Structures are given as C-alpha cells and as structure tokens.
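Colleague: generate a structure from the sequence data that follows.
(one chain, ligands or ions: 1)
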Amino acid sequence: MKKHLRLILEVLLGICLVATATLAYLNYSAKKHLAAEVAELTEQLDEAKESLEQAEEEKPADEEKAAPEVSNTSSQELDALKAAFSTGVVLQDVETLYKAQKALSAERQVGLASLRLLTKGAQDESTVAAFQKALEMAEWSNRLQTVCAAQNALAAAGQKVKVLSDCKKSSDKEEPAEKEKEDHGKKDDKSHAVHWGYEGDNGPEHWGDNFPVCGKGKKQSPLNIVGPFEKSKETLTVDYKEGPLKIVNNGHTIQVNVEPGSTLTIGKESFDLLQFHFHRPSEEQVDGKNAAMVAHFVHKSKEGKLAVIGVMLNEGKDSAAIKTLWANLPPKEMEEYLPAKVTFNPGSMLPKELAFYNYEGSLTTPPCTEGVQFYILKSPMELSKQQVAKFPFKLNARPVQSLNGRKISAGG
Ligand SMILES: [Zn+2]
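Modeller: Predicted coordinates for the structure are as follows:
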C-alpha cells in the first residue's frame, strides 16, 4: 500500500510540475489563480513525499510498523488534494486552455491525463485513454520514471494498462536503464513507447500514424534546396567552446551533447548550442543531390525557439574532428559516454564561411515539431569514405518534404 501511495504521490508531483511549467510557459495571465493553486499543491506534495521518505529512512528495519502511520497522514493529504481537484474546475480550465491548440505536446498530454486521474479517478475510461495517448505520442526514454510511476499507479488502482517492460522490473528509483533496443524487431510488442525508424513498417511514411504532425504538417523538414532564393539579411555568428566530449548513441543517430556556453547569434538573438548529431546520407538536398552525410547543430533560445545549422559532409579527405568522435563511439546504446580526458570543440566541424540557405521547417524526427529555423551552410566539409562507413547507421535520413509555398532564402 505504501508503495502505491508513493507512486501516486510521485505522479501528482509530476503533474503539478508539468502544469506549473505549462502555465508559466503560456504566461496565461487570466489563469494566474490556477498557477498559484498548482504551485501550492506542488509544495504540499513535496512535503508529503518528504515525510514519506523520512519515515522510510528512519525506520528501515521496522517498515511494517511504520507503514500504516505514514499512509494515514499521507492519505489525508492525498484526500485533501483530491478534494481540491474533484470539483473539476482545474481540469476544465486546462481543457479550455488546450482546446485552442491544434495538437498537444506529449508533455501536455501527460499533464492532461494526470489531471483527469486526479479529477475523475483511475476508474474513468477517458483517464486511461488519455494516458495511453500520451504514451503513444513520444519516446519517453528520458522520462521513464514518471511514465512508470503513472502506469504503476493506474495498475495499482486496478486498471488494465500497458506497462512498459522496464517498469515491470522495479517500481523503485533506478537509473532509467534503457532496454528499448532489445525490443527492436518485435513488431507485435506494443508494451512500450511507439517506435520509429527509417525502414519498413516504422519508416518515415508511417510516422504520421503515431505522430500526426509528421504526416499532416505543412512546414516539414528536410527540403530540397533549389532557387530562386530570396535575399536574407541575417548573419550567423558562432561562438563554440571546447569542452569535455559527451557522446551518445540514442538508437537513431550518434549525438554529441554540448555543455552550456557555446552560442549562435542570429541578428540580435542568442541561441545556445545543445547538441549536434549526424544523418547518413544528408537529409537535405541541394539541387536534388544528397551529400554523403550531414551534421545538424541544434540550438535553442531563451524563449525556446529552435535553430539548426546543417553542415553538409561530402566524401573526400579524412576529417580530424570526425576521427576524434568515431574513436570515442559509445560502447553502449542510450548511455551518454564520457571518455576520460577527451575534449572537443564543435567549431572544428564548421567551415570558415557561414553563408547559408535558410527556411522554416521542423524536427526531422518524430514528433516532427514545426517552427524550427534551418540554416544549411553553403560550404560543405569533408570526411573520408572510410569515415562514412564507420558511422554506425547505414540509413538515418528522412526523405525531403514538400515546400508547400515556403520561401528559401540565401544569406551570410
Ligand atoms: Zn538531424
């Protein structure tokens, strides 16, 4: 019982954080009272969780005895929380808030589902449906704990829910060990997040089945870059810093995570470099032609805007930068690898000239979120044939998408 309670508390805490973040993000002034309400609940939950943890720590040998007492106080707090939500006002508010949007992000979907859980209880069918939808919307590898908590809470309440295989093993705190890869190939296994890939039933033409924007979006990436081009007045200023190499094989690409401090400035707007990764062949085409590979540098502004610099990589001479990266490929999938004493400067991957083609597009992987500015550099870089062959993914490029009236500009 105590375990279940704890899970429910964790779920509640998760929801409140999601809700608070969402409200803050929307800066929805009319709903300020709701933000305050949620903030307060978050605090209460935090306290409840703390008291649970404290009790656990204090009486590890006497768990059986301690449990009922803890459950009682926490139950009361939980009841108080449920009562606050049971009026349905909070759920209604959030539903109204979200109705204006065409498609919810996975985070908001899970927030909505969780609010339903609070308001309508776990026996409510639409609560379960909402959770399932949230689960199907995204790869939850980095939020495994929250998802497991939600699923286990529903399961504990007697609901038939799909429980991720990783959640079944243990509901206690653990590193979100990622065993997804083992499940690859088992097409009938639906007990985990939706898979996507580049070939067959999981290929790009099927992404839209589970990620609507991938199928229906009108500003999707990548593009075939052909003129005539509008003239762009923007200039790119890149200030990348050397830092410890952090490299990960996320099952779809090799990605290098970058420590804060490397920036891209477009006009007066500053973006932080988050990570860069590779596609083979290049996703973008120039005049209908792919390069052997492309490197995408993903940046985010303080306001959450995304800007991607694409560097086309042609087959040619050895790249010293790639040599360092490929010499340090992660031994394990899904785990960030930090080889000792290896540093890397992302700037070593860029050409001197930063002239570019610019267009508005999307993430080129599910959920294909739009509103991403792409700057594909006109100057390519080179890597050797052997280096192309050493990249662990033979094909991880989404085909070019329809322009749908978008303008491509050239500048720099
Ligand atoms: Zn990419």
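
Colleague: what about Lys268, how many residues nearby?
Modeller: Lys268: 5 surrounding residues under other CB atoms under 10 Å. In short, each C-beta sits where N, CA and C put it, glycine included.

Colleague: distance of it relative to Glu360?
Modeller: From Lys268 across to Glu360, the span is 19 Å (CB to CB, to the nearest Å).

Colleague: spit out the contact partners of the closest residue to Leu306 other than its chain neighbours.
Modeller: Leaving aside its chain neighbours, Leu306 sits nearest to Val372 (4.4 Å; criterion: CB to CB, 6 or more residues apart in numbering). Shown in contact with Val372 (CB atoms under 8 Å, 6 or more residues apart in numbering): Ser221, Leu306, Ala307, Val308, Glu360, Gly361, Ser362, Leu363.

Colleague: Three-state assignment for the residue nearest to Ala320 when sequence neighbours are not counted, please.
Modeller: Excluding its sequence neighbours, the residue lying closest to Ala320 (CB to CB, 6+ apart) is Ser348, at 7.2 Å. Here Ser348 is recorded as helix under DSSP: H, G, I helix; E, B strand; the rest coil.

Colleague: find me the pLDDT at Ser348, would you?
Modeller: For Ser348, the model assigns a pLDDT of 98.

Colleague: neighbours of it, how many?
Modeller: Counted with other CB under 10 Å, Ser348 comes out at 15.

Colleague: that one contacts Leu325, doesn't it?
Modeller: No. If you go by CB atoms under 8 Å, Ser348 and Leu325 don't touch, sitting 10.0 Å apart.

Colleague: what's the overlap in contacts for the two?
Modeller: Contacts common to Ser348 and Leu325, judged by CB under 8 Å, 6+ apart, are absent.

Colleague: that older thread, in strands, which of the contacts of Val372 fall?
Modeller: Leu306, Ala307, Val308, Glu360, Gly361, Ser362 (DSSP state E).

Colleague: list buried residues within those residues.
Modeller: Neighbour counting with 16 or more other CB atoms under 10 Å marks Leu306, Ala307, Val308, Gly361, Ser362 as buried within these.

Colleague: quick check: pLDDT value at Gln145.
Modeller: 58.

Colleague: ok, Ala410 - contacts?
Modeller: Gly227, Phe229, Glu230, Lys231, Ser232, Ala355, Phe356, Tyr357, Asn358, Lys378.

Colleague: pick out whichever of these sits closest to Val342.
Modeller: Minimum distance to Val342 across the contacts of Ala410 is 29.8 Å, recorded for Phe356 (CB to CB).
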